[in-house]
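1. Next input, structure requested:
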Amino acid sequence: MDELIRRRVYGADHDDPDPGPRPGHVYRELVAGPLDGLLLDVTGWPANRLRDGASLTTEIGSYGAGGHALYGPRPADPDRWDWQGDTP
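-> The predicted structure follows:
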């Protein structure tokens, strides 16, 4: 659990003094791609959305500002979401 506490959550402000996970929230680890190593807060997401994955806004993907990184659950380990590519 200590490892998760030191991790940064996707969407946290860069100047946030505590950009890590919050107690009582549910997270998925983003693996590979431009958001590698960040945690995604999926608290309250319905099962179908958790199955489908997410398109996450990022400035550091292939399409620069306004682009999106696509992440989806790893079949053998749905708590880890693998990068599936970038899109404008």
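
2. Would you mark the buried spots in the helix ranked longest in the chain?
-> Within the chain, and with DSSP state H defining each element, the longest helix by residue count is helix 47-52. Residues of helix 47-52 classed as buried: residue 50 (neighbour count, 16 or more other Cβ atoms under 10 Å). Quick note: C-beta positions are derived from backbone N, CA and C, even for glycine.

3. Quick check: next helix or strand after that helix?
-> Per DSSP states H and E, the first helix or strand lying C-terminal to helix 47-52 is strand 54-58.

4. how near is residue 86 to residue 21?
-> Here the distance between residue 86 and residue 21 works out to 25 Å (Cβ to Cβ, to the nearest Å).

5. Actually, residue 71.
-> In this view, residue 71 and residue 21 are 17 Å apart by Cβ to Cβ.

6. got a pLDDT number for residue 49?
-> Residue 49 is assigned a predicted lDDT (pLDDT) of 96.

7. Could you check what's spatially nearest to it, not counting adjacent residues?
-> Spatial nearest neighbour of residue 49, chain neighbours left out: residue 42 (7.9 Å); criterion: Cβ to Cβ, 6 or more residues apart in numbering.
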